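K.L.:
sequence first, then the predicted structure:
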Amino acid sequence: MSNRNAKILVVDDDRDTRDLLSEVLESEGYQVIVASGAQEALAAGKATHFDVILSDIRLGPELNGLDVLRAFKSIQPDSEVILITAFGSMETAIEAVKAGAFDYLSKPFKIEDVLNRVCRALENRNLVRETRNLVPPAAETAPLSSLVGRSPAMLEVYKKIGMVADSRATVLITGESGTGKELVARAIHANGPRARQRFMAVNCGAFTESLLESELFGHVRGSFTGASVNKVGIFEDANGGTVFLDEVSEMSPALQVKLLRTLEAQEVRPVGSNQSIRIDVRMIAASNRNLADLVAEGKFREDLFYRLRVIEIDLPPLRERAEDTPLLVTHFLQKLGAEAGRTLTISPEALSAMVAYAWPGNVRELLNTLESTAALNRSGVITLQDLPAKLCICRQDNTSIEALFAGLPSLDELGRRYLAYVLKVTDYNKSQAADILGVSRNTVYRMTCHMPPDDEKL
């Protein structure tokens, strides 16, 4: 069957979203059926086989998009499900991926992204049908770590965590210092089959070469001065579980060779021993330095680099996902307040200053700032005056950041003015205006319905 004749089910309790998606998909030649809720979607699934289901997650008090996903994976396992939500989180993203969702999008979405994801879902469905190799839904997710964020960049991270959790493949986590690389490693471990086994982390930059070798591989009594007893290394101690090597770029060339052998042979040899010990560990490594550059400079083994980077997860710096800052602030204040036995909140002015700041130290710097600020705060409300001077983006007359923009039009107002201008230039030709704005004619009609009569001719 041609992809252009594919049947698509759109599930959303918001009528405007349903209409928009239906119109766009039908304009591409797809056959579209809409449902306003989970029950209506399941009823449609019993009557019609769909190639792709495009569903919002928050549908109502009884059943949600995840329920729709699980139901269709049961009754129509070769259909592909794409979930859309304005309330993205690591929990729902990982749960969706592990339950068999093809993809996970956040609102507001771009029409091009929706069409591309639908096209890819149909291609994947065709491949699945050709091979007749249907993948069963994965098990329910295990406890999660403290990753916080709903930005598109973090949703991509959550999806990758869900995809790789059940694998044995080595994962390399990259990103600036303070972005939460160990939290990602712990989330991978917690959501995989090794969750009940040990997770052991070591910072390779915190030890000398000899101490790091002993820490990782262990040693036998008498192997060096001070080795009075046998020591079990981290690799052996974590047998059956996961080992996380942070700042792996700081390893010496000799230890890089030994690590490579451990990864390839799945065995370790303690310092001073002639006997190798078989191990079964999942390896996750991290670095805030570019390993590819270090390989080019001859400072890191190329074969070890490729052995570590079977799967790569790159964590974005906080400045590139500023929309997550309010969530992080709320999360940390709740945590700090619970530890101190009091309620902590933040004023709008202080929160705006924190969102505007670039956070070169990333999430770690944000947490440290809140921790020190909360410790010195007695009122329970963190204000602009409580924050470090570097965060107080003020004019010389101490005007707040909100006051700097007082009197300026909002984004909605600017959008309304722009639409009115385009309509005026096109002599109020809504079809031509839609082409210029890159939206559908119906969207222009909906937008003009909310415009004052002075702004457009009806």
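P.N.:
Cool, got the structure.

K.L.:
for the rest of this, base every contact and every neighbour count on C-alpha atoms.
P.N.:
Will do.

K.L.:
surely residue 239 touches residue 280?
P.N.:
Yes: using CA atoms under 8 Å, residue 239 makes contact with residue 280 at a distance of 5.3 Å.

K.L.:
and the helices in the stretch 151-300 of the chain?
P.N.:
Using DSSP state H, counting those that start in this stretch, the helices of the stretch 151-300 of the chain run over residues 152-164, 181-190, 209-217, 234-237, 253-265, 291-296.

K.L.:
follow the chain on from the last one and name the next helix or strand.
P.N.:
Toward the C-terminus, helix 291-296 is succeeded by helix 302-308 as the next helix or strand (DSSP states H and E).

K.L.:
list the buried residues in that following helix.
P.N.:
304-305, 307-308 (16 or more other CA atoms under 10 Å).

K.L.:
do stretch 328-347 as well
P.N.:
328-329, 331-334, 336-337, 344-346.

K.L.:
of those, closest to residue 177?
P.N.:
Comparing the buried residues of stretch 328-347 against residue 177 with CA to CA places residue 328 closest, at 16.8 Å.

K.L.:
and for the helix or strand the closest one falls within, what's in contact with it?
P.N.:
Element membership for residue 328 (DSSP H and E) is helix 325-340. Contact with helix 325-340 is made by 148-149, 318, 343-345, 351, 354-355, 366-367, 370-371, 374, as judged by CA atoms under 8 Å, 6 or more residues apart in numbering.

K.L.:
mean pLDDT, distance to residue 68 and mean neighbour count added to the helices of the stretch 151-300 of the chain, as a markdown table?
P.N.:
Listed next are these as a markdown table, based on pLDDT from 0 to 100; distance: least, CA to CA, whole Å; neighbours: other CA atoms under 10 Å:
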| stretch | mean pLDDT | distance to residue 68 | mean neighbour count |
| --- | --- | --- | --- |
| helix 152-164 | 90 | 19 | 21 |
| helix 181-190 | 94 | 25 | 24 |
| helix 209-217 | 89 | 46 | 19 |
| helix 234-237 | 91 | 42 | 22 |
| helix 253-265 | 93 | 41 | 15 |
| helix 291-296 | 94 | 42 | 15 |
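
K.L.:
CSV for those, including distance to residue 434?
P.N.:
Listed next are those as CSV, based on distance: least, CA to CA, whole Å:
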stretch, distance to residue 434
helix 152-164, 27
helix 181-190, 43
helix 209-217, 62
helix 234-237, 61
helix 253-265, 57
helix 291-296, 46
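
K.L.:
now residue 107: closest residue in space, sequence neighbours ignored.
P.N.:
Leaving aside its sequence neighbours, residue 107 sits nearest to residue 86 (CA to CA, 6 or more residues apart in numbering; 4.6 Å).

K.L.:
now do the contacts for the one you found.
P.N.:
If you count contacts by CA under 8 Å, 6+ apart, then residue 86 has 106-108 around it.

K.L.:
repeat for residue 351
P.N.:
So residue 351 contacts residue 326 (CA under 8 Å, 6+ apart).

K.L.:
next one, pLDDT for it please.
P.N.:
pLDDT recorded at residue 351 is 90.

K.L.:
same question for residue 2.
P.N.:
pLDDT recorded at residue 2 is 51.

K.L.:
next: residue 100.
P.N.:
The model's pLDDT for residue 100 equals 81.

K.L.:
surely it is in a helix?
P.N.:
No: read with DSSP: H, G, I helix; E, B strand; the rest coil, residue 100 is coil and lies in no helix.

K.L.:
what's the distance between it and residue 157?
P.N.:
17 Å (CA to CA, to the nearest Å).

K.L.:
now swap in residue 435 and tell me
P.N.:
35 Å.

K.L.:
and what of residue 48?
P.N.:
34 Å.

K.L.:
show me which of the contacts of helix 325-340 is closest to residue 390.
P.N.:
residue 354 (10.0 Å).

K.L.:
mean confidence for stretch 297-310?
P.N.:
Mean predicted lDDT for stretch 297-310 stands at 95.

K.L.:
centre of the chain versus that stretch, how much separation?
P.N.:
Centroid separation for stretch 297-310 versus its chain: 26 Å, with CA atoms, centre = their mean, to the nearest Å.

K.L.:
got it, and stretch 430-445?
P.N.:
On CA atoms, centre = their mean, the centre of stretch 430-445 falls 33 Å from that of its chain.

K.L.:
and this structure, what are its domains?
P.N.:
According to automatic domain parsing, the chain comprises the domains 3-131, 152-314, 318-403, 411-455.

K.L.:
just checking, residue 431 touches residue 441?
P.N.:
Yes: using CA under 8 Å as the test, residue 431 is close enough to residue 441 to be in contact (5.5 Å).

K.L.:
which residue ranges of the stretch 51-200 of the chain form strands?
P.N.:
Per DSSP state E, counting those that start in this stretch, the stretch 51-200 of the chain carries strands over the ranges 52-56, 80-85, 103-106, 171-174, 199-203.

K.L.:
by contact count, what packs against the first one?
P.N.:
Using 3 or more CA pairs under 8 Å, 6 or more residues apart in numbering; DSSP states H and E as the contact test, the elements touching strand 52-56 are strand 7-11, helix 65-75, strand 80-85, helix 111-131.

K.L.:
if we use 7 Å, what do you get?
P.N.:
Counting contacts by 3 or more CA pairs under 7 Å, 6 or more residues apart in numbering; DSSP states H and E, strand 52-56 packs against strand 7-11, strand 80-85.

K.L.:
nearest to residue 215, out of those?
P.N.:
Here strand 80-85 is closest among the helices and strands packed on strand 52-56 (CA to CA), at 44.2 Å.

K.L.:
pLDDT weak spots in the stretch 251-400 of the chain?
P.N.:
393-400 (pLDDT under 70).

K.L.:
hey, C-alpha coordinates of the helix or strand harbouring residue 431 in CSV?
P.N.:
Element membership for residue 431 (DSSP H and E) is helix 430-437. Extracted C-alpha coordinates of helix 430-437, given in CSV (Å, rounded to 0.1, in the frame of the first residue of the first chain):
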residue,chain,number,x,y,z
LYS,A,430,-6.6,34.8,3.2
SER,A,431,-5.2,32.2,0.9
GLN,A,432,-2.3,34.4,-0.1
ALA,A,433,-1.7,35.4,3.5
ALA,A,434,-1.6,31.7,4.5
ASP,A,435,1.1,31.0,2.0
ILE,A,436,3.2,34.0,3.2
LEU,A,437,2.7,32.9,6.9
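
K.L.:
what about residue 314, how many neighbours?
P.N.:
Neighbour count for residue 314, taken as other CA atoms under 10 Å: 19.

K.L.:
what sits against it?
P.N.:
Listed by CA atoms under 7 Å, 6 or more residues apart in numbering, the contact set of residue 314 reads 173-175.
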